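**Student:** any chance you can model this:
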Amino acid sequence: MTDVELSEREFGLFRDFIYHYAGVKLHDGKSALVSSRLHKRVRHYNLSSYSDYYQLIAGKDPDAVEQQLAIDLLTTNETYFYREPKHFDFLQSLAMTHTGSMRVWSAASSTGEEAYSIAMLLAVHKRINWEVVGTDISQTVLTQARRGVYPIQASDQIPQALLKKYCLKGVGNAAGTLRIDADVRQHVSFQHANLKSPQNGLGQFDVAFLRNVMIYFDQGTKQQVLNNVVSQVKKGGYLFIGHAESLNGLQHQLTLVQPAVYQVC
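**Tutor:** Here you go, the predicted model:
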């Protein structure tokens, strides 16, 4: 087939699609992004237009597997180890004084770097029974996260002491990669979740990381997601958001503790 182009009308269809399913607001300048991410799927089915692909994922009888794949392709998954390190300094101070068990939620975990960063930090504190739960709307990134294998270059931000203790350097066919230690991975689980929906089945958490995801939502979806996440955090627990994000204009029962860190009242 010859290459097809994404029309303005078709871009509007996919913009509405991803907003409906994931709450992600694609701005007008994102047409090239949508085209590039879906191009291979249009070619895969030998379709003559992006409209035909839209019917496949959102028509009367949508293909559920392909629909999930389209959601995976259209959601942003950028992340890296120890992103925004001041949050980890704060988590470290909590872990040093915490007693009993600690559950931490990485609410938009993507490929798992955030969840494993949390896990390596908590693993040092042997007196704490801890658990990290990572969730994401993309099944593709969750599969990668469960493997716990990353390019060796991804280790640049990991503190050296934790890198040596909890990361295994690949050899042979795995050269150029690192793998998170099994003792750490056994305390980390990953589940599929759409933050637009209540997540009562996850249980309660002491800390929730909701970082660098709300910037993609409009105000109404931000409020919806914030409510769903905060409802799973214990009273007195903490919510971390990205330093580039704000809760301005949103209703909540949270107290600002330090930049981008809130306590549930």
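
**Student:** quick one: the helices in the stretch 101-250 of the chain?
**Tutor:** Counting by DSSP state H, counting those that start in this stretch, the stretch 101-250 of the chain has helices at residues 113-123, 139-147, 160-166, 182-185, 219-230.

**Student:** I'd like those as JSON lines, with mean pLDDT appended.
**Tutor:** Formatted as JSON lines, the entries for the helices of the stretch 101-250 of the chain read as follows, by pLDDT from 0 to 100:
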{"stretch": "helix 113-123", "mean pLDDT": "97"}
{"stretch": "helix 139-147", "mean pLDDT": "96"}
{"stretch": "helix 160-166", "mean pLDDT": "96"}
{"stretch": "helix 182-185", "mean pLDDT": "96"}
{"stretch": "helix 219-230", "mean pLDDT": "96"}
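
**Student:** which one of those lies closest to residue 15?
**Tutor:** Comparing these by their distance to residue 15 (C-beta to C-beta), the top pick is helix 219-230, with 13.7 Å. Placement of C-beta: from N, CA and C, glycine included.

**Student:** ok, back up a step: hey, which of the helices of the stretch 101-250 of the chain is tucked in deepest?
**Tutor:** Neighbour counts (mean count of other C-beta atoms under 10 Å) averaged over each of the helices of the stretch 101-250 of the chain peak at helix 113-123, with a mean of 26.

**Student:** identify the residue nearest the most centrally placed residue in the chain in space, chain neighbours excluded?
**Tutor:** For the chain, the residue lying nearest the average C-alpha position, counting by C-alpha atoms, centre = their mean, turns out to be residue 108 (2.3 Å). For residue 108, ignoring the flanking residues on the chain, the nearest one in space by C-beta to C-beta, 6 or more residues apart in numbering is residue 213 at 4.0 Å.

**Student:** what about the one you found, distance to residue 196?
**Tutor:** Using C-beta to C-beta, to the nearest Å, one gets 11 Å for the distance from residue 213 to residue 196.

**Student:** the two: which is more packed in?
**Tutor:** Each of residue 213 and residue 196 had its neighbours counted (other C-beta atoms under 10 Å), and the higher figure belongs to residue 213 (24 against 16).

**Student:** my read: that one touches residue 107, true?
**Tutor:** Yes: the pair formed by residue 213 and residue 107 meets the contact definition of C-beta atoms under 8 Å, at 7.3 Å.

**Student:** which parts of this structure belong to which domain?
**Tutor:** Domain ranges of the chain: 8-74, 85-264, per automatic domain parsing.

**Student:** picking that back up, quick check: neighbours shared by residue 213 and residue 196?
**Tutor:** Common neighbours of residue 213 and residue 196 (criterion: C-beta atoms under 8 Å, 6 or more residues apart in numbering): residue 225.
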